[in-house]
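> Fold the following and give me the result.
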Amino acid sequence: MDLYMMNCELLATCSALGYLEGDIYHREPDCLESVKDLIRYLRHEDDTRDIRQQLGAAQILQNDLLPIITQHGQDKALFDACIRLMVNLTQPALLCFGKIPDDPTFRHHFLQVVSYLQAYKEAFASEKVFGVLSETLYNLLQLDWEARQEEDNLLIERIILLVRNVLHVPADPYEEKNVDDDASVHDKLLWAVHLSGFDDLLKFLACAQTEQQWSMHVLEVISLMFRDQDPEVLANAGQTRSAQQKQKDAQELEALRAKEQAEKHCRNMQRGSRHSRFRGSYVVEGLKSIGEKDVIFHQGLHNFKNYSHDVGKAVRRVPKKKQMAKDTETKRRSALNVRLFLREFCMDFLENCYNHLMYLVKENLLREQAQQHDETYYLWALNFFMAFNRLNGFQPDLVSETLSIRAFHFIEKNITNYYEMMLTDRKEATSWSRRMHLALKAYQELLMTLSEMDRSKDESVRQSSNVIKSNIFYMMEYREIFLTLLRKFDERTQPRSFLRDLVESTHLFLRMLERFCKGRNNLMVQKKRVKRKKKNRKKQTVQENTPEALEEAWQVVSQDLRAASFQIPSSLTEGAVPFDAASDTPLEEQRTEAMVRIQDALIGRQGPEALSLLRAARDVWPEGDVFGAADVEPDEELDLLKQILFANLPRSTAPEMAMEEEDEIEEEEEEELESVRVSETEFNFLDFIKRFASPNIVRPYVLLLRSYSQNTPHTNHCVARMLHRVAVDLKMEALLFQLSVFCLFNKILADTAAMAYKELVTFAKYVLNRFFAMAAKNNKAYVELLFWKNVGAVREMTEGYSKDGDGANKKARWTEEEEEELRRLYEEHKDSGVPDIVETLLPLLSNTNRTRRQVVAQMVVMGLVDSVKDLKKPKKGTRIVLWTEEQEEELQMLFEEHSNSDDILGNIMKRLTAKRSRARVMDKLLSLGLVGDRKELYKKRRRQAPGKSGGMTEEEFFADLSGAPREDDLERDEEEEDEFSDEEEEGESEKEQEVERRVSPIQNKKRRSKGSSGERNVNLENMVMSLQQEGLSGPLLWLQNRLNKTADDRDDQGASHAVALVPLTEENEDAMENRGFQKLLKKVGIRPPANEQETFWRIPATMSIYQLRTAAESLCPPAEPAAGIEEQGEQPQSPEPQDEATSHEHRAQALRALLLARNRKRPSEDTAESPSADPASANGEEWGAGEVRNGVKRSRALDSDDENDKDPSSEMEVGNETGAGDSDSEKHSAPAKRRRHRVLSDDEED
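The predicted structure is shown next:
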């Protein structure tokens, strides 16, 4: 970028900084304000980082900022501002752009910023600059902790960050073009750090107790200092080579010389002594060309070895996703003086700082006080400094902090986490692979340190090594980590260097394990077995006792109680506790649970326990004589126990089920639960090696062996040793009978420098000899070369093939066409992102009879997947994490559609295309801002609706005891009427569903046809007149006024919002609790409280002004139909009540005497309370307030249906309910449930 293309304001700001004259910098008066303006400009730069590029092109840092801090450092404000600006300018390009851009334009800007950073790094390689930074940092660290200001701590952190940013700048190999032992820009920078004494300040920050907050910054700076350094090179810097090292170098040189001489000899043998001007043409018999004729070869015979049909063909382009990962690690040897300085730094750091700093960093990582991915610096430091300590006069006490079982556990946990992230975060799989490589090298270094401890002359050191190894070999996770990594190796994301370190680490681990097992006869290790079990998701059903069994139990209990003269031992009396004051369960529920406990005791034929619980419950809940009066007789107690025994009480199946029904926000349970069973078993090393006899593990070794010429002798030895274990020790050489392996062996044997790979040559000859010996006996051996084989195929190949149908478990056979079809379908759909690829492939197979298990097993055999575990069914609702735009739009549409329903989340779950768990959908609704709180998605419960447990509620049970009609029977017709007009009550009660099923389809059809406004108005008028007969004329007038006032307000203001109906008088408050009045509110369109936060009914904002005025007018019906209503109110009394009374008399014997006094009071009190003097109310006084209400309800239920469309079965049900309600009406009928609490309170006042 040209300087003259700089923004004019930016150019003016840079000009106001000052100017450099010779070596002296003259600052302008506005220098400080100009620096602050540059900071402000950088804060508002665009995505291309234009300000940063313009400042880099103008070389502001080299020509202005660095001279300012070196010559005008005494101005503290200016110095602080310059440091802030330089920290911003030198931050890595990856932080500026987020990642390496894929777009060519942004890639250009990215590379331009990197080039400016490299120029900054070269400018910082000055002893003068680092001298100023070191002096400033030293003065700040001299201040006591109490004397330091916040600005001082910020300046310390900024100086450390500035050094970190400069050290982080990558080298430019094309510009530097340095060789080993030559000083690069990074070496010059390190030398400036050393001369200025900044390295000593870093060591002080690492070991000082008062500077613990800078531990992560210090470790990061140190890791960047030692970038590209090899600990072995540093350990040997300036040291005379030992005889062993000289011998090793001589052997390497001799091998290289032998290889060169062999290649030269081969070239001499290929060409003759006399050059031929004519190459000649030859016919190769037996080798067909493209047609039917033999190949004609037009070159010299010495070139025929390299002939191939592929010569001249275009090389097929490998897709980017399938390309092998590239190695990014580079090692270079710095200048000798830099290496000596770094070696001295390592020795001082290990002696004084390593254990303390690593402890602090580990604590920060465990407490999650560090930034993301900071554990990589910890893993690098562990690997580097432990390797340096091992190679430089090994002293275990210097690295004792990281030489423990905790270190192994920390690394193993990170390796597992990195592997999981590689699978989930595919876009960043390469980055996660590099982090996993760091963790693997740290694990390898721990093993090498243990191996070094075994060779120590100190007995205590060897003993410590044995203790650590015994723990490592005992735990299954540490033993099988290499098996897992080899089995899951993916060459597309993991480079060749990772595979090399993995193979060498596995070799070292197996060697240590083998030596550890040799000295012990019985080695016990931990073994974990995953036991899978199916979770029974069905609700536990309560076993219903037959009447015969209950009668038999009652006979036993009654005889026992009479024999004991109703006397209870003192131990039972003290142990009977029906109430728990510390429990969160409400008192009403605890009372019901106490009754259930009494019933359980009676069913278990434990009479004294049941009686003691009954008496204890009577003391706890004396009000209402629920458990009998205080002076109850023993016979009455016996009758009460009998009623409890034969009652159908509500039971909760389990506390967990109750919680699920109450909240309904729990994530759906997994069908498969995995429980890990830990046990101990005797370890057998040979059995452990057998687990490596798998094609999934042999293939990575063969892949590494392909680059045998570039591998080190140690790497080739590790590969050959593992293949030797499989082929010779386990006698499974047939695992290597594969064509690609034989091609590799042929290449090794034909190599001119084969003498340098004697071990590989010997092993290749052994495997080939075994194959040809087998091929003489098995004529299918050559065909078997085309496939990788598992253990079963190897056994068949060596011992003979089994015939079709042999064995009890005959496997389904797959033809070649079916295998090819399965492979093709898998390749097409493996990157499609479907949660379960097996379920996707099953309907696409031509053979539709294939089961899931057969397809999975065949995919494992064919090598499409590594293990059956990779194709496990995804856990419901947990695998789909990302939401596409279409799915988000679908979710928003479903939410808007069902936002007014009772169960918003349930309706969305039913209609959602991509099935997810409740928790995922709920989180997405919150993140989209559609709801503000999770409670808005809870399923709205109908208040005082019948329970779902299948039994009666407590009030229903007492109503049955007293002979009063059950309230749900009185309300069934009301619920049927309300079904077509109120969506909020759909599907909320199982009892309502039972009533709906009883109604005939003809009646349902007729009800659905009642949509005309005329019929609805008739029903509304009937409801209004019924409420007037109950004495609710005042609340009706109040409701009418509220509707008219709301309509006027909306007409004046032009805006509408929900208006709450707040009853201010006791009369209106009682009316709002009346079920008939609530039905009327719903009828006119007023909605009930939506959730627990709302208390009052509300006039919806969606009701128009016309609807409000129409609803208000409908509350003033004409007076003519009143007589008809009275006649209909008398109709339910026509059936004779004696039959129903006889049926209820047996059930009401126990508590009739106990409730008689209370029921006698209620008619007179309710009559006195009635404010209305209309005929219907006066007529109701003869039966009591409760019967008046019941009669009115039945009349409204009959009015709701068209008289011409009545169904006989419906009339019969209503008649039965009426008869049940009128039984014992003249004596002591019980009032309805909603009035019972008020009557009790009136009794207490009297």
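> drop to CA atoms for contacts and neighbour counts, all remaining ones
Fine.
> and after the helix or strand hosting Glu1069, which helix or strand comes next?
Secondary structure from DSSP states H and E places Glu1069 in helix 1066-1073. Later in the chain than helix 1066-1073, the nearest helix or strand by DSSP H and E is helix 1075-1084.
> The helix holding Glu1069 to helix 1075-1084, inter-axis angle?
In terms of direction (axes from the mean of the first three to the mean of the last three CA atoms, to 10 degrees), helix 1066-1073 departs from helix 1075-1084 by 70 degrees.
> Which strands and helices lie in contact with helix 1066-1073?
Packed against helix 1066-1073, as judged by 3 or more CA pairs under 8 Å, 6 or more residues apart in numbering; DSSP states H and E, are the following elements: helix 1033-1053.
> Now the element after the helix it packs on, going C-ward?
According to DSSP H and E, the helix or strand after helix 1033-1053 is strand 1059-1061.
> now what about that following strand, what contacts it?
Residues outside strand 1059-1061 that contact it (CA atoms under 8 Å, 6 or more residues apart in numbering): Arg1042, Thr1046, Phe1096, Trp1097, Arg1098, Ile1099, Pro1100, Ala1101.
> For burial, what's the neighbour tally of the first one?
Around Arg1042 sit 19 other residues, with neighbours defined as other CA atoms under 10 Å.
> I'd like the distance between it and Ala1111.
11 Å (CA to CA, to the nearest Å).
> And the fifth one, by the same measure?
When CA to CA is the yardstick, Arg1098 and Ala1111 sit 14 Å from each other.
> Leaving out sequence neighbours, find the closest residue to Ala1112.
Distances taken as CA to CA, 6 or more residues apart in numbering put Gln1040 closest to Ala1112, at 4.8 Å, once the chain neighbours are dropped.
> wait, the one you found sits on Val1084?
No: with contact defined as CA atoms under 8 Å, Gln1040 does not reach Val1084; the gap is 10.8 Å.
> Next one, pLDDT for Leu82 please.
For the record, residue 82 is Cys, not Leu. On pLDDT, Cys82 comes in at 94.
> buried residues in the helix or strand hosting Val596?
Secondary structure assignment for Val596, by DSSP H and E: helix 587-603. Using 16 or more other CA atoms under 10 Å as the test for burial, helix 587-603 gives 590-603.
> who does it touch, helix- and strand-wise?
Against helix 587-603 (3+ CA pairs under 8 Å, 6+ apart) you get helix 547-563, helix 607-620, helix 634-646.
> for those, which one sits closest to Ala58?
helix 607-620 (88.9 Å; CA to CA).
> Helix 634-646 and the closest one, what's the angle between them?
When the same axes, to 10 degrees is applied, the directions of helix 607-620 and helix 634-646 differ by 100 degrees.
> Specify the angle between helix 607-620 and helix 587-603 in degrees.
Put simply, helix 607-620 runs at 160 degrees to helix 587-603, going by the same axes, to 10 degrees.
> Helix 607-620: which residues count as buried?
Gly607, Pro608, Glu609, Ala610, Leu611, Ser612, Leu613, Leu614, Arg615, Ala616, Ala617, Arg618.
> Would you format the residues you listed as a markdown table with distance to Trp191 and pLDDT included?
What follows is the buried residues of helix 607-620, written out as a markdown table (distance: CA to CA, whole Å; pLDDT from 0 to 100):
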| residue | distance to Trp191 | pLDDT |
| --- | --- | --- |
| Gly607 | 94 | 79 |
| Pro608 | 93 | 82 |
| Glu609 | 90 | 81 |
| Ala610 | 91 | 80 |
| Leu611 | 93 | 81 |
| Ser612 | 91 | 81 |
| Leu613 | 88 | 81 |
| Leu614 | 91 | 82 |
| Arg615 | 92 | 80 |
| Ala616 | 89 | 81 |
| Ala617 | 88 | 81 |
| Arg618 | 91 | 79 |
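> Can you add distance to Glu1021 and give those back as CSV?
Formatted as CSV, those follow (distance: CA to CA, whole Å):
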residue, distance to Glu1021
Gly607, 57
Pro608, 58
Glu609, 57
Ala610, 53
Leu611, 54
Ser612, 55
Leu613, 52
Leu614, 50
Arg615, 52
Ala616, 52
Ala617, 48
Arg618, 48
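> where does the stretch 401-550 of the chain dip in pLDDT?
529-545 (pLDDT under 70).
> What ranges does it have for its strands?
Assigned by DSSP state E, counting those that start in this stretch, the strands in the stretch 401-550 of the chain fall at 524-534.
> how many other residues sit next to Leu117?
Neighbours of Leu117 under the rule other CA under 10 Å: 24.
> give me every residue that touches it.
When contacts are counted by CA under 8 Å, 6+ apart, Leu117 touches Thr90, Pro92, Val166, Val169.
> Make sure it is indeed in a strand.
No: counting by DSSP: H, G, I helix; E, B strand; the rest coil, Leu117 is not found in a strand; it is helix.
> mean confidence for the helix ranked longest in the chain?
Assignment by DSSP state H gives helix 243-270 as the longest helix of the chain. Mean pLDDT, helix 243-270: 76.
> Quick check: buried residues in it?
Ala255, Ala258, Lys259, Ala262.
> Same list (the residues you listed) but as CSV, adding distance to Gly56.
Shown next, in CSV, are those (distance: CA to CA, whole Å):
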residue, distance to Gly56
Ala255, 51
Ala258, 53
Lys259, 51
Ala262, 55
